[in-house]
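Colleague: Just need the structure, nothing else, for what follows:
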Amino acid sequence: MARAIIVADTSVLINFLRIDRMDLIGEHPASFIATDHVAAEIADTYPDQQARYNEALKAGLLDEQRVDDTVELELFLQMAERGRLGAGERSAIAVALNRKCALAIDDSRAIKRAIEEAGITGSSLSIVRTQDIVVELIKQSILSVEAADVIHAEWATNHRFKLKITSFRDLL
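Modeller: This is a model prediction of the structure:
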C-alpha cells in the first residue's frame, strides 16, 4: 500500500529545521513533499536551515518537486491575484489540491484560503498542523510524550512557535 502524501508549507518545515529534527519528518508514516517555492523560502531565511533542508533531501526524508503542472500553475496564479499569501503557501495549496494530498500548514489565514480554494475547485482538503505531525509520531510510538514536550518547550522558548497546549498529552 502506498504511503499517504503530505505537501508541506514552509512554516511547518521550518519548525523542524530550527530544532534540527527533520528525522521526524522522515519517520512520519506519510511521505512529505515540498515545492520548489517552499524550498526557495527556506533558502531565503537562514543558511543553517537551508543546509539542514538540503541534508534532509539527500537523506530522502522528504522530496522536493517543481510546480509545473498547468492546473497547479493556474491555481497558484489565481491565489496570487486574490490574496496576500506567499509563493510557498500558494504553491503548497495548489499542489495539495491538484494531487489530492494533505496540506501541512500552520498559518490560520493561509488555512482559511486553502479551504476556500478547495471549495472553489470542488476538492476535499485535509489540513495537518505541526502539532498534528507530532501527535501522529507519538501515536506511532516514534516519539514519546516526554520527548515531544521537550520539543514543544524548545519551540516556545527559542523559536517563537507557541502551541496552545501545556503538553502533547492534552491532544491524545
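Colleague: Neighbours of residue 131, how many?
Modeller: 20 (other Cβ atoms under 10 Å). Yep, even glycine has a C-beta here, placed from its N, CA and C like the rest.
Colleague: For the helix or strand where it lies, output the C-alpha coordinates as PDB.
Modeller: Using DSSP states H and E, residue 131 sits in helix 130-139. Presented in PDB, the C-alpha positions along helix 130-139 are these (Å, rounded to 0.1, in the frame of the first residue of the first chain):
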ATOM      1  CA  THR A 130       2.800  20.900  13.100                       C
ATOM      2  CA  GLN A 131       1.100  19.700  16.300                       C
ATOM      3  CA  ASP A 132      -0.800  17.000  14.300                       C
ATOM      4  CA  ILE A 133       2.500  15.700  12.900                       C
ATOM      5  CA  VAL A 134       3.900  15.400  16.400                       C
ATOM      6  CA  VAL A 135       0.800  13.700  17.700                       C
ATOM      7  CA  GLU A 136       0.900  11.200  14.900                       C
ATOM      8  CA  LEU A 137       4.500  10.400  15.800                       C
ATOM      9  CA  ILE A 138       3.500   9.800  19.400                       C
ATOM     10  CA  LYS A 139       0.700   7.600  18.400                       C
END
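Colleague: Can you give the domain ranges for this structure?
Modeller: Residue ranges of the domains in the chain are recorded as 5-129, 131-171, according to automatic domain parsing.
Colleague: Most tightly packed of these?
Modeller: domain 5-129 (a mean of 18; mean count of other Cβ atoms under 10 Å).
Colleague: That domain: how far from the chain's middle?
Modeller: Here domain 5-129 shows a centroid-to-chain-centroid distance of 5 Å under the convention Cα atoms, centre = their mean, to the nearest Å.
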